[in-house]
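Visitor: Sequence plus the predicted model coming up.
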Amino acid sequence: MSRYATAGWGAGNGDDSAPGGPGFAGMIESLRLLHDRITGAAPPPELLKEMTRAFEDLAVELGLYAVSEREQITGHRIDLPGRGQALVPVFTVDESDDEHVRGSVRFGRYYLGGNGAAHGGAIPLVFDEMLGRLANAGGRPISRTAYLRVDYRSITPLDRDLRAEAWFDREEGRKRFLRGAIFDGETRCAEAEGLFVALNPGQP
């Protein structure tokens, strides 16, 4: 298991004792698959009606279990990739410490922008997750994103394992500067620079 996972960054199916247990992790993975299949399909009207009814029924049932933000599972499962959010592409970690993390990311069909390339708006999601989590690693006080600049160097392809890494650049008081990059082989697809500012006591 990587240090990334033991530090609470998330890997695999997570902690069975965490809220939602292993069933929550499986549900999120199924949702990711459903996103990809819906994006890549042209279903007939009859199936669309059936799916709409099923989604509406699930929405009503889930509404019975609505909780506050602090009590919800999604976004709080730090033992899972993306903290259990289906919105963010899964970042699989190969190695890490408190100053650097390296792994792979794959953009599925759900993130299609056009012509086999990932949507430009999906790429900052990965950088904000990687840089933001690294900014708060090592027992550092919680920080929030102040700015995130992304430069697109080439097409970011879908359905391929891409190398992704982030590193701590420098720290100035409450300001933490980090950088990251995504590669397709030796081709640099995108790079990012982010500023994260540590919260003051009591600051939300």
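Guide: That came in fine, so what should we check first? The shown structure was predicted, so the numbers you read here are calculated from the model rather than taken from an experiment.

Visitor: Stretch 104-124 spans what distance, first to last residue?
Guide: 15 Å (Cα to Cα, to the nearest Å).

Visitor: where in this structure is pLDDT low?
Guide: Residues of the chain meeting the criterion pLDDT under 70: 1-15.

Visitor: can you name the farthest residue from the center of it?
Guide: With distances taken as Cα atoms, centre = their mean, the residue sitting farthest from the centre of the chain turns out to be residue 46, at 33.6 Å.

Visitor: Need the distance between the two termini of stretch 190-204.
Guide: Start-to-end, stretch 190-204 (Cα to Cα) is 31 Å.

Visitor: That stretch: how far from the chain's middle?
Guide: How far stretch 190-204 lies from its chain's middle: 17 Å, per Cα atoms, centre = their mean, to the nearest Å.

Visitor: Is the residue farthest from the centre of the chain in a helix, a strand, or coil?
Guide: Three-state assignment for residue 46 (DSSP: H, G, I helix; E, B strand; the rest coil): helix.

Visitor: Any figure for the gap between the most centrally placed residue in the chain and residue 57?
Guide: The centre of the chain sits closest to residue 88, judged by Cα atoms, centre = their mean, with a distance of 3.1 Å. In this view, residue 88 and residue 57 are 27 Å apart by Cβ to Cβ, to the nearest Å. The C-beta positions use only the backbone N, C-alpha and C, and glycine is treated the same way.

Visitor: ok, now which ones touch the residue nearest to the centre of the chain?
Guide: 81-82, 125-126, 129 (Cβ atoms under 8 Å, 6 or more residues apart in numbering).

Visitor: try residue 134
Guide: Residue 134 sits in contact with 99-101, 166-168, 178, where contact means Cβ under 8 Å, 6+ apart.

Visitor: dump the residue contacts of residue 84.
Guide: With Cβ under 8 Å, 6+ apart, residue 84 has these contacts: 10, 14, 20, 24-25, 28, 73-77.

Visitor: Which residue ranges of the protein form strands?
Guide: Listed in chain order, the strands of the chain (DSSP state E) span 91-96, 100-105, 112-114, 117-118, 143-152, 162-172, 175-184, 187-198.

Visitor: What separation is there between the nearest residue to residue 76 once chain neighbours are set aside and residue 55?
Guide: Leaving aside its sequence neighbours, residue 76 sits nearest to residue 83 (Cβ to Cβ, 6 or more residues apart in numbering; 6.7 Å). Using Cβ to Cβ, residue 83 is found at 24 Å from residue 55.

Visitor: Good, we can wrap up now.
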